[in-house]
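Sharing a model that was predicted from the sequence below.
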Amino acid sequence: MCSRKVGEVQHPGRSEYEQETGAPVRRSLYISEVLYTVSENLVKMNNLSDMRELNQVRLR
């Protein structure tokens, strides 16, 4: 199975440094056509085919 880059997912950070660089994504997984990415304060859901953001849930 080969992979190809379709796009990027960025999570906003809390600290001044993270505001510029984005919060690090800790985990990612996909189910069907949805990519789930998890950082310290956010879970994002993106469409796998075009990386369009579908939803996000703030943590904490």
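Structure's in. What do you need?

residues in contact with Met45?
Counting by C-beta atoms under 8 Å, 6 or more residues apart in numbering, Met45 makes contact with Val34, Leu35, Tyr36, Glu53, Leu54, Asn55, Gln56. Using the backbone N, CA and C atoms, a C-beta is placed for each residue, glycine as well.

Do I have it right that the third one meets Lys44?
So the one you mean is Tyr36. Yes: with contact defined as C-beta atoms under 8 Å, Tyr36 counts as touching Lys44 (7.3 Å).

Can you get me the centre-to-centre distance for stretch 40-60 and its chain?
In terms of C-alpha atoms, centre = their mean, to the nearest Å, the centre of stretch 40-60 is found 5 Å from the chain centre.

Report the buried residues of it.
Neighbour-count burial for stretch 40-60, counted by 16 or more other C-beta atoms under 10 Å, picks out Leu42, Lys44, Met45, Asn46.

Rounded mean pLDDT for it, please.
Here stretch 40-60 scores 92 as its mean pLDDT.

so what's Arg58 bridging to?
Under DSSP bridges, the beta-bridge partners of Arg58 are Leu42.
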